[in-house]
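Student: what's the 3D shape of this:
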Amino acid sequence: MTRRSWSRHAATTPLLVLAVLAVLAGGCGSDDAPSSAGSIPTDCGSAPEPTPLRAEVIAEHPHDPTAFTQGLVVVDGALYESTGRRGRSSVREVDLDTGRVLRSTDLEPTLFGEGLTTVGDDRLVQLTWTEGRALVWNRSELTAVGEHRYDGEGWGISTLDDGRLVMSDGSATLTVRDPEDFSVLERWPITRADGAADRLNELEWDGERLWANRWQTDEIVRIDLRCRRVDGVLDGSPLTARAAAVAAPGQPIDVLNGIAHRPDTGELLLTGKNWPLLFKVVVTEDARR
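Tutor: Modelled structure (predicted):
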């Protein structure tokens, strides 16, 4: 999920939307749970400077330029997207090759959609920015089946291999939550040897590392969750420049945002808010830096 430019904070005229059924699923998560950062292995030692990374573009795909992208996730080969802005927020299934929206459900007009992840066999969980509501969707039908409550802001969310959820709020601290009731299990401060690790936004777990957009930057950081630190930094500025060059006249793009991992190929899918392109990339070390 992601943070937005200041235009995201502006009020927008509500569009016709489908009302989301607010059925509580498994109770509300308690943010009063212990906020232990957990133990960091002693062999982590002092943090080295992160490895410079680059995105090698394998393919470019069309992307809906009206989508204020907040979160991406690939499930069973299908691409799902969360879009933001009040009155325009949605959860949708998108055809990767054409960018065509296959199915879409609008959020209540007062909600600002944020990060998106998958839980269990057929559920999606979508954050909201300041409303403290995590919406639970049936993935097959894109119908609302419940929600959880949480304190503070919701930015990005991803699902770890053990099923736990990891969530960002724009700070340098990640919150680990129970997927069933959204209760807080741990809080993990993230460090970075060569600078700040704050503004963590859209999140994506690839089975080994957590990837995170840093809001209002072209950086995508790779996070080693075992040692709770940034171990790689991808420069996304070439992607931003390419998206801006392709954008239609009078339709400026917004910030880099949106990361999805393809388990079948190991590739990442990257896009941004109001970008006309979605990039399929392989990440490599940047020998030029």
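Student: where do the helices sit along this protein?
Tutor: With DSSP state H, the ranges of helices along the chain come out as 237-246.
Student: Quick check: which ranges of this structure have low pLDDT?
Tutor: Per-residue confidence for the chain (pLDDT under 70) gives these ranges: 1-38, 287-289.
Student: for it, what's the longest strand?
Tutor: strand 51-62 (DSSP state E).
Student: and the angle from that strand to helix 237-246?
Tutor: 20 degrees (axes from the mean of the first three to the mean of the last three C-alpha atoms, to 10 degrees).
Student: Need the residues that contact strand 51-62.
Tutor: 96-99, 220, 222, 231-236, 238-239, 242, 267-268, 270, 276-286, 288-289 (C-beta atoms under 8 Å, 6 or more residues apart in numbering). Placement of C-beta: from N, CA and C, glycine included.
Student: Give the burial count for the closest residue to residue 198 other than its chain neighbours, as a bare number.
Tutor: Counting by C-beta to C-beta, 6 or more residues apart in numbering, residue 172 is the residue found nearest to residue 198 once chain neighbours are left out, at 4.2 Å. The number of residues packed near residue 172 is 18, by other C-beta atoms under 10 Å.
Student: And residue 74, how far from residue 259?
Tutor: The gap separating residue 74 from residue 259 is 10 Å, by C-beta to C-beta, to the nearest Å.
Student: who touches both of these two?
Tutor: Shared contacts of residue 74 and residue 259, counting by C-beta under 8 Å, 6+ apart, come down to residue 269.
Student: neighbour count winner among the two?
Tutor: residue 259 (29 against 20).
Student: Return the residue spatially closest to that one, with its sequence-adjacent residues excluded.
Tutor: Beyond its immediate neighbours in the sequence, the residue positioned closest to residue 259 (C-beta to C-beta, 6+ apart) is residue 204, lying 4.0 Å away.
Student: How many residues are close by that neighbour?
Tutor: Using other C-beta under 10 Å, residue 204 is surrounded by 28 other residues.
Student: does it really touch residue 257, like I thought?
Tutor: No: with contacts counted by C-beta atoms under 8 Å, residue 204 stays clear of residue 257, the gap being 11.4 Å.
Student: quick one, what contacts the residue nearest to residue 198?
Tutor: For residue 172, the contacting residues are 189, 190, 191, 196, 197, 198, 200, taking C-beta under 8 Å, 6+ apart as the criterion.
Student: can you do 6 Å?
Tutor: If you count contacts by C-beta atoms under 6 Å, 6 or more residues apart in numbering, residue 172 has them with 190, 197, 198.
Student: Now list the buried members of those residues.
Tutor: Using 16 or more other C-beta atoms under 10 Å as the burial test, the contacts of residue 172 include 190, 197 as buried.
Student: I'd like the contacts of residue 172 as CSV, with distance to residue 227 appended.
Tutor: Supplementary listing: the contacts of residue 172 in CSV, determined by distance: C-beta to C-beta, whole Å:
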residue, distance to residue 227
190, 10
197, 12
198, 18
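Student: Closest to residue 248 out of the contacts of residue 172?
Tutor: For residue 248, the closest of these turns out to be residue 198, at 33.4 Å, with distances computed as C-beta to C-beta.
Student: okay, now residue 276: neighbour count?
Tutor: Using other C-beta under 10 Å, the number of residues around residue 276 comes to 23.
Student: For it, give me phi and psi.
Tutor: Recorded main-chain torsions at residue 276 are phi -80, psi 0, according to degrees, to the nearest 10.
Student: pretty sure it contacts residue 245?
Tutor: No: counting by C-beta atoms under 6 Å, no contact exists between residue 276 and residue 245, whose distance comes to 9.7 Å.
Student: re the thing from before, what's near enough to touch the residue nearest to residue 259?
Tutor: By C-beta under 6 Å, 6+ apart, the residues touching residue 204 are 158, 211, 259, 261.
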